[in-house]
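1. pasting the sequence and the predicted model now:
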Amino acid sequence: MEKTKKKKKKSHSSAAVNSKLLRRPIKRFCWIFILPMVAAFCVGFVWPFCHGMFLSFCKFTTTSKWEWIGFKNFERAFNDSQFMYSFGYTAIWTIVSVILINVIAFAVAYALTQNIKGTNIFRTVFFMPNLIGGIVLGYIWSMIFDGILGAYGTSILMDTKFGFWGLIILMLWQQVGYMMIIYVAGLQAVPEDMIEAAKIDGASSWQTLTRITIPNVMPSITICTFLSLTNGFKLFDQNLALTGGQPFTIDKATGGSMHTTEMIALNIYNTFTESGKYAKGTAQAKAVLFFILVAAIGLIQLRATRKKEVQQ
């Protein structure tokens, strides 16, 4: 009798939750809860984005004083040799960083899911650098690199190779722990019966890893590749604090100075802070091109990697 009473109570409670009398006021007044979020999204993202797109076709000093000039800002952006160099430099740097970050993060995550003692401590230690801000990291690592390279009479600001690999090391130190957490979650979700079946069939550890573990971890690989790819193209704080675009070289085409470690985001910032009357409009046009580039590459990468995901 008690069981039947409990079942009746549960059925009554579930029916009460799903009743029309309860759902009608929720549907009627849901806009009260949705409206503040939509308003904040429009004010904080939609309006600045649309206004920025409009200003990329204008000459302006402030956002309220503008003059329509069409595609001239985009022409200046494409004719800027520093911008084109920064694009190539950023693309090469991003490819190298994406590969290294994901390979190392996956290797660390795989090691920490093999019943090693103290795995929680290791996970915490690896994740902690991600909590430090980019500007702070840049200045910390600039002192570390200068201390090491100073013994050889050089500096990270004196050689393009030092600046390139210095940024790589900095980003590895910061992002590997974050990506590791995502890979750990993916590895723990791999069905154990599949791994046990592979062992029974005589599969080696390498075959189990490449043919069972990695295909089942593809959702995590998709997420980590997307994050490291977009973070690589958007890198700004660390680039500004660690190298600031230095060292400089002479541009043979224009005769001006060329920032050899300047990435796209830093180039947009430097263009915006210039004193020319077209500087801000050109910087805004570069920002629009930058958005289109990152969005296109991110969508292509998501589509390519999701095709390889295994449906469990």
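-> Right, received. Where do you want to start?

2. quick one, phi psi at residue 153?
-> The phi/psi pair for residue 153 (degrees, to the nearest 10) reads phi 70, psi 30.

3. what does residue 257 give?
-> Phi and psi for residue 257, reported as degrees, to the nearest 10, are phi -80, psi 150.

4. please enumerate the strands of this protein.
-> Assigned by DSSP state E, the strands in the chain fall at 58-62, 65-68, 248-250, 257-259.

5. which residues touch the first one?
-> For strand 58-62, the external contacting residues (C-beta atoms under 8 Å, 6 or more residues apart in numbering) are 66-69, 72-73, 277-278, 280-281. For every residue, glycine as well, the C-beta is placed using N, CA and C.

6. can you give me the end-to-end span of stretch 205-214?
-> Terminal residues of stretch 205-214 lie 12 Å apart, using C-alpha to C-alpha, to the nearest Å.

7. what about that stretch, distance to the chain center?
-> Its chain's average C-alpha position is 28 Å from that of stretch 205-214, according to C-alpha atoms, centre = their mean, to the nearest Å.

8. re the thing from before, by neighbour count, which of the contacts of strand 58-62 wins?
-> residue 281 (27 neighbours; other C-beta atoms under 10 Å).

9. so what's that residue up against?
-> Counting by C-beta under 8 Å, 6+ apart, the residues that residue 281 touches are 55-56, 58-60, 69, 72-73.

10. re earlier: out of the strands of the chain, which comes closest to residue 137?
-> strand 257-259 (20.3 Å; C-beta to C-beta).

11. which residues sit against that closest one?
-> With contact meaning C-beta under 8 Å, 6+ apart, strand 257-259 is reached by 81-82, 85-86, 245-246, 248-251, 266-267, 270.

12. give me the sheet partners of it and which way each runs.
-> Here strand 257-259 is paired, per DSSP bridges, with strand 248-250 (antiparallel).

13. circling back to that earlier point, a markdown table please, covering the contacts of strand 58-62 and showing pLDDT.
-> Output for these, formatted as a markdown table (pLDDT from 0 to 100):
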| residue | pLDDT |
| --- | --- |
| 66 | 85 |
| 67 | 86 |
| 68 | 89 |
| 69 | 89 |
| 72 | 90 |
| 73 | 90 |
| 277 | 77 |
| 278 | 81 |
| 280 | 86 |
| 281 | 88 |
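
14. and of the residues you listed, the nearest to residue 162?
-> residue 280 (32.6 Å).

15. for residue 233, see how far away that closest one is.
-> For residue 280, the distance to residue 233 (C-beta to C-beta, to the nearest Å) stands at 22 Å.

16. what's the answer for residue 277, then?
-> 29 Å.

17. and if you look at residue 81?
-> 20 Å.

18. more neighbours: which of the two?
-> Ranked by neighbour count (other C-beta under 10 Å), residue 81 and residue 233 place residue 233 first, with 20 against 13.

19. that one contacts residue 90, correct?
-> Yes - with contact defined as C-beta atoms under 8 Å, residue 233 counts as touching residue 90 (6.1 Å).

20. give me the common contacts of those two.
-> By C-beta under 8 Å, 6+ apart, the residues touching both residue 233 and residue 90 are residue 264.

21. from the chain's centre, how far out does the longest helix along the chain sit?
-> Ranked by residue count, the top helix of the chain under DSSP state H comes out as helix 81-112. Relative to its parent chain, helix 81-112 has a centroid offset of 11 Å by C-alpha atoms, centre = their mean.

22. buried residues, that helix. List them.
-> Neighbour-count burial for helix 81-112, with 16 or more other C-beta atoms under 10 Å as criterion, is recorded at 82-83, 85-87, 89-91, 93-94, 96-98, 100-102, 105-106, 108-110, 112.

23. neighbours around residue 161, how many?
-> 10.

24. ok, residue 77 touching residue 83?
-> Yes - with contacts counted by C-beta under 8 Å, residue 77 reaches residue 83, the gap being 5.8 Å.

25. name the residues contacting each of the two.
-> Shared contacts of residue 77 and residue 83 (C-beta under 8 Å, 6+ apart): residue 286.

26. now the residue nearest the centre of the chain. Nearest residue, chain neighbours left out?
-> Residue closest to the average C-alpha location in the chain (C-alpha atoms, centre = their mean): residue 231, at 2.9 Å. Excluding the flanking residues, the one nearest residue 231 by C-beta to C-beta, 6 or more residues apart in numbering is residue 175, at 6.8 Å.
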